[in-house]
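S.K.: Sharing a model prediction with you, sequence too.
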Amino acid sequence: GQQVMQIPQYQHVQEGEDFTTYCNSSTTLSNIQWYKQRPGGHPVFLIQLVKSGEVKKQKRLTFQFGEAKKNSSLHITATQTTDVGTYFCAGPYSGAGSYQLTFGKGTKLSVIP
Amino acid sequence: KAGVTQTPRYLIKTRGQQVTLSCSPISGHRSVSWYQQTPGQGLQFLFEYFSETQRNKGNFPGRFSGRQFSNSRSEMNVSTLELGDSALYLCASSLVSGGGSEAFFGQGTRLTVV
């Protein structure tokens, strides 16, 4: 079954509003990664979090990794139209052989100008 | 450095046919993973190859197979195509296997089965 859950599935915001997407794992993760996929494009790596409680910032984007390393969030301050896209979290999960990078279903962000 | 290259970019096939997709990873990357992306299911893991060995396989039927060559280039094959195989197929290369490092995605191959 789905090992990493992302909410919400969709989010529509007015330009200038903040946006947050949440990622919850069924198991403890060694690391969590975030990707952005623009419409018609391919996923592009944003960041990797490794430490418990880690917080990293990239301009208007703030990423957090939970203390238990089972959840994470991405917060965008004052959204812009360039933020439009789908944001995915991903983590290594044990498969049949070894670990595999498994993605959440993503949060699709629409920004209304 | 050059990114991940996938060929072809677009493909239209008929049910029952087979198809081979190609992925050239970033130079120096030995891990190549394949994903199927559909609107309803998101990014679903197909398999990962590292140094020519399949490290892991997702929950897909045996019609989906792959291989990796000594230069790390990878191919994915789907036999006996079904309408439901229509999707964007993405490959990703990384330095470390198993999700230990960032994945660099190619632009994908858009497969349409009619």
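M.R.: Yep, that arrived.

S.K.: Tell me which residues touch the spatially closest residue to A:Pro113 that is not a sequence neighbour, please.
M.R.: Spatial nearest neighbour of A:Pro113, excluding adjacent residues (Cβ to Cβ, 6 or more residues apart in numbering or on different chains): A:Glu15 at 5.1 Å. Any C-beta I mention is one placed from the backbone N, CA and C, and that applies to glycine too. Applying Cβ atoms under 8 Å, 6 or more residues apart in numbering or on different chains to A:Glu15 gives the contacts A:79-81, A:111-113.

S.K.: Kindly report the same for B:Glu75.
M.R.: B:20-23, B:66-69.

S.K.: so how many other residues sit close to residue 84?
M.R.: Answering for chain A, as no chain was given. Using other Cβ atoms under 10 Å in any protein chain shown, A:Val84 has 15 neighbouring residues.

S.K.: that's the wrong chain, I wanted chain B
M.R.: B:Gly84 has 8 neighbours, counted by other Cβ under 10 Å.

S.K.: hang on, it in a helix?
M.R.: Yes: looking at B:Gly84 with DSSP: H, G, I helix; E, B strand; the rest coil, it is inside a helix.

S.K.: can you pull the contacts of it?
M.R.: B:Val113 are the contacts of B:Gly84 under Cβ under 8 Å, 6+ apart.

S.K.: residue ranges with poor pLDDT in chain A?
M.R.: Along chain A, segments meeting pLDDT under 70 span A:1-2, A:95-97.

S.K.: residue ranges for the strands of it, please.
M.R.: Here chain A has its strands, by DSSP state E, at A:4-7, A:10-14, A:19-25, A:32-37, A:44-49, A:55-58, A:61-65, A:71-76, A:85-94, A:99-103, A:107-112.

S.K.: Throw the ones you listed into CSV and include distance to chain B, thanks.
M.R.: Output for these, formatted as CSV (distance: least, Cβ to the nearest Cβ, whole Å):
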stretch, distance to chain B
strand A:4-7, 9
strand A:10-14, 12
strand A:19-25, 12
strand A:32-37, 6
strand A:44-49, 4
strand A:55-58, 14
strand A:61-65, 13
strand A:71-76, 14
strand A:85-94, 3
strand A:99-103, 3
strand A:107-112, 10
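
S.K.: B:Leu11: which of those is closest?
M.R.: Checking these against B:Leu11 by Cβ to Cβ gives strand A:32-37 as the closest, at 20.4 Å.

S.K.: How about the secondary structure of B:Asn71?
M.R.: Classification of B:Asn71 using three-state DSSP returns coil.

S.K.: Now do it against A:Pro113, distance only.
M.R.: 46 Å (Cβ to Cβ, to the nearest Å).
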